[in-house]
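Asks: From the sequence below, what's the structure:
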Amino acid sequence: MLSSCGFSKDIKDLQSLSDERIRRIVQDVLHKNKKEQTGELMITSPCNGAVFPPEIASPQFTWQDNTPGVQYWVVAVDLDSHQAIYNVTGKNRWIPDERTWEAIKKNAIGSEADITIMGVNGIDRPVVVSKSNLFISISTDRVDALILYRQVPLPFMVGEKNFRKIRWMLGDIASCGNPAVVMKDIPVCASCHQVAGDGNIITMEMNFQNDSGAQFISTIQENIRLSEADFMTWSDYPKPDILPKTRGLFARISPSGKYIVATVNEISYAAITNDPAFSQLFFPTYGILSLYSVEQHTFQPLNGADNAGYIQTNPSWSPDEKEIAFALSETKNHFHEDLAHIKTHIKDMSIEELNRRFPIQFDIWKMPFNEGKGGKSRPLRGASNNGMSNYFPRFSPDGKWIVYTRSRTGIMLQPDSELYIVPAGGGLERRMRCNRAKFNSWHSWSPNSKWLLFSSKANSMYTEIFLTHIDENGNDSPPVCLFRLSDDSMAANLPEFVDLNAGKIKTIQLNDKG
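Replies: Numbers count the residues shown, from 1 in each chain. The predicted structure is shown next:
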C-alpha cells in the first residue's frame with residue numbers, strides 16, 4: 001500500500017507531471033524493485049541497523065551511486081503496518097519532512113523500518129538500475145539532554161584572531177533548527193567543559209587574564225557573565241621552580257560539583273603537524289593528579305596518583321564519587337631537548353611520522369577517592385597491559401561501564417583511535433560497533449546511561465558528532481550522525497551531554513577586565 005508520496009522540484013523531467021502520474025511511475029518502480037540489480041548504489045548514512053532516540057528530529061539519508069544512466073532516485077520506506085512511504089528526488093540525499101518522519105518513528109518503535117533506495121532511468125518506461133536498502137529502528141529510551149560542544153576552524157591555530165573564530169554551541173537533537181550559539185568571539189583559548197551538580201554548575205578551562213591555568217566555575221543561568229570571581233587557577237598549585245606553570249590538564253569536576261581533579265606540575269610535549277585534519281601531537285610527559293576543593297578553595301595531591309616516576313592524567317569520576325579512573329604511563333621527559341625551556345615544535349611531518357618518533361602508551365588505572373584521602377591505585381583489567389594506548393575513561397552514570405579510547409600510541413587526536421567498553425570493575429573489553437573508519441574519541445554518556453556521544457572524522461577532515469545506543473548489557477548500535485550539529489568549514493568537537501532544559505543557557509560572556 002502506498003500511503004504517501006513526495007518528489008523534489010529539482011527533477012526537471014518530473015516537474016510538469018501530476019501527482020497521480022508520479023504515483024504510477026513509483027508503482028512501476030516498486031514492482032521492478034523485486035528484480036536483482038547490478039548497479040553501484042551505496043547508502044552512506046545512516047548506518048544499517050542504526051537506532052534513533054524517540055524524540056530525535058528527522059535524519060538525513062545520503063547515498064553514493066556511480067551507476068550509468070541514473071536520472072533520479074525513489075526512496076521507499078516499508079513500515080511494519082504494511083504501508084509504504086516513498087519519495088522521488090534528483091539529489092543523493094533525503095531529509096523526511098516532520099509528518100513523514102513522525103509516521104516512520106511511530107511504526108518503527110519496537111520493530112524495524114525497511115528503507116530501500118533505487119536509482120531509476122527513464123520516465124515513460126522507468127527502469128531500476130541500482131538499489132540498496134537498510135533497516136533502522138526507534139528506541140523507547142529517550143536522551144533527555146542537550147549537547148554542549150565547540151566548533152573550531154581547521155587547522156587549529158593559537159592566537160586571539162583564531163580563538164575569536166571558535167564558537168560554543170548548544171544543540172537539541174529534537175530540533176530541526178540550527179543549534180544555538182551560546183559563546184563566541186572569545187579572545188582567549190577555552191576548551192574542556194562539564195556540567196555537574198544535577199545540571200546546576202558549569203565549568204570550563206579558559207585562559208582568563210593571560211593565565212593558562214584558569215578555569216571558571218559558575219551556576220547555570222540564562223545569561224552567564226564571567227568575571228574574576230568566577231575563576232580559580234591551577235597556577236596556584238605549589239610547584240618546583242624548574243617546572244613550567246601548571247595548567248590543570250584534563251580537569252574534571254565531580255558529579256556533586258564539590259571537587260575538581262586535574263593533572264598538575266605537568267610537562268607536556270606539543271608539536272604542530274603538516275596535516276590540517278590532525279594538526280597537533282600533544283601529550284603530557286610528566287604530571288600528578290591534584291584535588292581542588294570548590295568550597296574551601298584548597299589544593300592537595302591525590303594519594304595514589306602522585307607518583308613522580310609516572311604521568312597520571314585524564315581523570316574521570318565514578319557517579320557516586322567513590323572512585324577515580326585515570327590514564328598512567330612512565331615519564332617521557334627525555335623527549336624534551338631542554339626541560340627548563342619547554343616549547344611547541346613546528347614539524348613538517350604527519351601525525352603518523354611524529355607518532356613513530358615520539359611513541360607513548362597509557363594504561364587506565366583506578367583508585368578509591370576516600371573523601372579526598374585517596375588510596376592504592378590498580379590497573380583496570382581490560383583497559384591496560386594490552387600493547388596499546390588506553391585513555392579518556394568515562395564512567396556511565398549508572399556506574400556499570402567505562403568507555404575509553406584506544407590507539408596504537410598517543411592520548412589525543414589519533415587517526416586510529418577507537419572506542420572500547422569494559423565493566424567498571426574491570427573485565428573483558430569489547431570494541432564498540434559504533435566506531436567509524438577514522439578517529440573515534442571525545443565521548444560522553446547521556447544522564448540515563450542509554451546513549452553515548454562521540455566525535456569522528458569518518459566523513460571528512462571536519463570532525464562530526466555521532467550518537468549510539470547502549471543497552472543493559474553494554475551492547476552499542478551502529479551510530480547516527482547528528483548532521484545538524486555539523487558545519488562544512490568547522491570541526492565539531494568536545495561534545496558533552498548536559499542535563500539542561502532547552503534554552504536554559506542562552507549566552508556565556510567574558511568580562512576580561514574583571
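
Asks: quick one: the strands in the stretch 1-150 of the chain?
Replies: Using DSSP state E, counting those that start in this stretch, the strands of the stretch 1-150 of the chain run over residues 2-7, 41-45, 51-52, 61-65, 72-78, 84-89, 93-94, 112-121, 127-138, 146-152.

Asks: Each with direction, which strands does the second one pair with?
Replies: If I follow you right, that is strand 41-45. Strand 41-45 has its sheet partners listed here by DSSP bridges as strand 61-65 (antiparallel).

Asks: Alpha carbons only: can I get the partner strand in CSV?
Replies: In CSV, the C-alpha atoms belonging to strand 61-65 read as follows (Å, rounded to 0.1, in the frame of the first residue of the first chain):
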residue,chain,number,x,y,z
PHE,A,61,19.6,9.8,4.3
THR,A,62,22.6,10.0,1.9
TRP,A,63,24.0,7.7,-0.7
GLN,A,64,26.5,7.4,-3.5
ASP,A,65,25.5,6.0,-6.9
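
Asks: sorry, back to before: could the strands of the stretch 1-150 of the chain be laid out in JSON lines, adding distance to residue 245?
Replies: Where you see a C-beta, it was placed from the backbone N, CA and C, and this is true even at glycine. JSON lines is the format used below for those (distance: least, CB to CB, whole Å):
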{"stretch": "strand 2-7", "distance to residue 245": "60"}
{"stretch": "strand 41-45", "distance to residue 245": "44"}
{"stretch": "strand 51-52", "distance to residue 245": "46"}
{"stretch": "strand 61-65", "distance to residue 245": "47"}
{"stretch": "strand 72-78", "distance to residue 245": "57"}
{"stretch": "strand 84-89", "distance to residue 245": "56"}
{"stretch": "strand 93-94", "distance to residue 245": "49"}
{"stretch": "strand 112-121", "distance to residue 245": "55"}
{"stretch": "strand 127-138", "distance to residue 245": "50"}
{"stretch": "strand 146-152", "distance to residue 245": "24"}
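
Asks: ok, residue 422 touching residue 401?
Replies: Yes - taking contacts as CB atoms under 8 Å, residue 422 lies within contact range of residue 401: 7.1 Å.

Asks: which one of the strands of the stretch 1-150 of the chain lies closest to residue 457?
Replies: Relative to residue 457, the nearest member of the strands of the stretch 1-150 of the chain by CB to CB is strand 146-152, separated by 12.8 Å.

Asks: Give me the contact list for the closest one.
Replies: 165-173, 179, 182, 190-191, 193, 195, 453, 465, 482, 485, 487, 490-498, 500, 502, 505 (CB atoms under 8 Å, 6 or more residues apart in numbering).

Asks: Go ahead and build a PyMOL selection from the buried members of those.
Replies: The PyMOL command for the buried members of the contacts of strand 146-152 (criterion: 16 or more other CB atoms under 10 Å) is given here:
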select buried, resi 166+167+168+169+170+171+172+173+179+182+190+191+193+195+453+465+482+485+487+490+491+492+493+494+495+496+497+498+500+505
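
Asks: and the contacts of strand 146-152, which of them are in strands?
Replies: Residues of these located in strands (DSSP state E): 167-171, 182, 190-191, 193, 195, 453, 465, 491-498.

Asks: where does the stretch 101-250 of the chain have low pLDDT?
Replies: 158-159 (pLDDT under 70).

Asks: what about the nearest residue to residue 103 once chain neighbours are set aside, distance to residue 31?
Replies: Spatial nearest neighbour of residue 103, excluding adjacent residues (CB to CB, 6 or more residues apart in numbering): residue 85 at 6.4 Å. Remark: distance between residue 85 and residue 31 (CB to CB, to the nearest Å) = 17 Å.

Asks: again with residue 298
Replies: 75 Å.

Asks: Residue 506 touches residue 168, doesn't it?
Replies: No - using CB under 8 Å, residue 506 is not in contact with residue 168, being 11.9 Å away.

Asks: Which neighbours do the two have in common?
Replies: Shared contacts of residue 506 and residue 168 (CB under 8 Å, 6+ apart): residue 182.

Asks: rewinding a little: what about residue 85 and residue 31, which has more around it?
Replies: residue 85 (23 against 11; other CB atoms under 10 Å).

Asks: Can you give me the pLDDT of the more buried one?
Replies: For residue 85, the model assigns a pLDDT of 83.

Asks: Test my guess that residue 96 contacts residue 58.
Replies: Yes - using CB under 8 Å, residue 96 is in contact with residue 58, at 4.6 Å.

Asks: Residue 250: helix or strand, and which one exactly?
Replies: Element membership of residue 250 [criterion: DSSP states H and E] is strand 249-253.

Asks: quick one: that strand to strand 190-196, angle?
Replies: 20 degrees (axes from the mean of the first three to the mean of the last three CA atoms, to 10 degrees).

Asks: CA-only coordinates of strand 249-253 in CSV, if you can.
Replies: Output of strand 249-253 as CSV, limited to C-alpha atoms (Å, rounded to 0.1, in the frame of the first residue of the first chain):
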residue,chain,number,x,y,z
LEU,A,249,45.4,19.5,32.4
PHE,A,250,42.2,17.4,31.6
ALA,A,251,40.4,18.8,34.7
ARG,A,252,37.2,17.0,35.7
ILE,A,253,34.6,18.2,38.1
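
Asks: Let me know the next secondary structure element after that strand.
Replies: Next along from strand 249-253, by DSSP H and E: strand 259-272.

Asks: Who are the packing partners of that following strand?
Replies: strand 249-253, strand 280-293, strand 310-317, strand 345-346 (3 or more CB pairs under 8 Å, 6 or more residues apart in numbering; DSSP states H and E).

Asks: So what angle separates the directions of the third one and strand 280-293?
Replies: Spelled out, it's strand 310-317. With the same axes, to 10 degrees defining the directions, strand 310-317 sits at 70 degrees from strand 280-293.
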